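Asker: Just the structure for this:
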Amino acid sequence: MSGWTPMRVAILSDVHGNRFALEAVLADIASLTPDLMGNLGDTVWGGADPAGAWALQMREAPPTVRGNTDEFLLADPAELDAETRVGREFLERELGGVPPELAALPVTATVADGEVLLAHGSPTSPWDALFLVEEGDAVRPALPVEMLERVAAWPAARVVVVGHTHKEQVATRRGVTFVNAGSVSRQGHGDPAARWVLLERRAGFWNVTFRRTAYDAEAAARWAEAHAPNGDQEARQLRTGLPG
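Answerer: Below is the predicted model:
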């Protein structure tokens, strides 16, 4: 029975073009020898060597699903606001154009015989947050029934993993475990350490371990200051783990 076969799944999200953090996370992941890896998108939208971060992802952790900021590179530039166009132009220069692989990425994917469902924000949109509900200008936590409704089309899923909000979370609703993996880069809680999550299937049950990986945030911040648009703001967040 496949569900009883031991398995380790490493999942990272929200690299945001930070090669320095990604290198440390991939070394941490390699030390635990997972069976497979998932990458939940928001791959390059950032300013700590995005070209290096993209090359490293394509070599060692190809994106599994697309993130909301990945879509900035796929949109008609005329539909973007001025600040976002500047960010896109910077990335196109760094990357030598828009990576064609981004356009082929799905919104969702399943691994581990369908038991693990992966998405960036929610299974319906990389812009939505699975753990939250927007009501007008207000945002509230999603009710258990609302979370289950969002994954009803994947009845085999035992674990659902997302990113997007950069906030580690875990909750179990009627036998389904919902996880937010946190983010590799651009932390928002006062600790710049990179985040990722390890899923382990043992005797038919999935265990969730949140990992925090130290990296040279100062080197990343200096790269941003020297090269990125709004580099000072990016550098401040990388150093402090707080929004700029």
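Asker: so how far is Glu89 from the spatially most central residue of the chain?
Answerer: Using CA atoms, centre = their mean, the residue of the chain that lies closest to the mean C-alpha position is Ser13, 1.8 Å off. Ser13 sits 25 Å away from Glu89 when distances are taken as CB to CB, to the nearest Å. Where C-beta positions appear, they are placed from N, C-alpha and C, glycine not excepted.
Asker: before we move on, the earlier item: my read is that the residue nearest to the centre of the chain contacts Gly182, right?
Answerer: Yes: contact between Ser13 and Gly182 holds when scored by CB atoms under 8 Å: they sit 7.3 Å apart.
Asker: what do these two both touch?
Answerer: The contact sets of Ser13 and Gly182 overlap at 163, 196 (CB atoms under 8 Å, 6 or more residues apart in numbering).
Asker: What residues does the residue nearest to the centre of the chain make contact with?
Answerer: Going by CB under 8 Å, 6+ apart, the list of residues near Ser13 reads 39-42, 67, 120, 162-164, 181-184, 196.
Asker: From those residues, list just the buried residues.
Answerer: With burial judged by 16 or more other CB atoms under 10 Å, the buried subset of those is 39-42, 67, 120, 162-164, 181-184, 196.
Asker: Out of the residues you listed, which sit inside strands?
Answerer: The strands, defined by DSSP state E, take in 39, 162, 196 from the buried ones among the contacts of Ser13.
Asker: Closest one to Glu94 out of those residues, please.
Answerer: Distance to Glu94 across those (CB to CB) is lowest for Asn39, with 19.0 Å.
Asker: Looking at the contacts of Ser13, which is nearest Met58?
Answerer: Using CB to CB, Asn39 is the member of the contacts of Ser13 that sits closest to Met58, with 10.1 Å.
Asker: Report how many residues lie close to Glu83.
Answerer: Glu83 has 10 neighbours, counted by other CB atoms under 10 Å.
Asker: Please, which helix or strand holds it?
Answerer: If you go by DSSP states H and E, Glu83 is part of helix 82-95.
Asker: from what I can see Leu117 touches Trp154, true?
Answerer: Yes: using CB under 8 Å, Leu117 makes contact with Trp154 at a distance of 5.0 Å.
Asker: Any chance of the backbone angles for the residue nearest to Val116 when sequence neighbours are not counted?
Answerer: Take Val116 and drop its neighbours on the chain: the residue closest to it by CB to CB, 6 or more residues apart in numbering is Val159, 4.9 Å away. The phi/psi pair for Val159 (degrees, to the nearest 10) reads phi -130, psi 130.
Asker: what sits against Leu238?
Answerer: Residues near Leu238 by CB under 8 Å, 6+ apart: 18, 48, 185-186, 192, 217, 220-221, 224.
Asker: Three-state assignment for it, please.
Answerer: At Leu238 the chain is in helix, as set by DSSP: H, G, I helix; E, B strand; the rest coil.
Asker: mind checking pLDDT for it?
Answerer: Reported pLDDT at Leu238 in the predicted model: 98.
Asker: Quickly list what Ser198 is bridged to.
Answerer: Heads up, residue 198 is Leu, not Ser. Note on Leu198: beta-bridge partners Ala10, Thr209, judged by DSSP bridges.
Asker: what's the burial count for it?
Answerer: So Leu198, with other CB under 10 Å, has 18 neighbours.
Asker: What of Lys167?
Answerer: By other CB under 10 Å, 17 other residues sit near Lys167.
Asker: Just give the nearest non-adjacent residue to it, would you?
Answerer: Residue nearest to Lys167 in three dimensions, not counting chain neighbours: Asn180, with 5.8 Å by CB to CB, 6+ apart.
Asker: Report pLDDT for that neighbour.
Answerer: Note for Asn180: predicted pLDDT of 98.
Asker: and if you look at Ser2?
Answerer: At Ser2, the pLDDT recorded in the model is 64.
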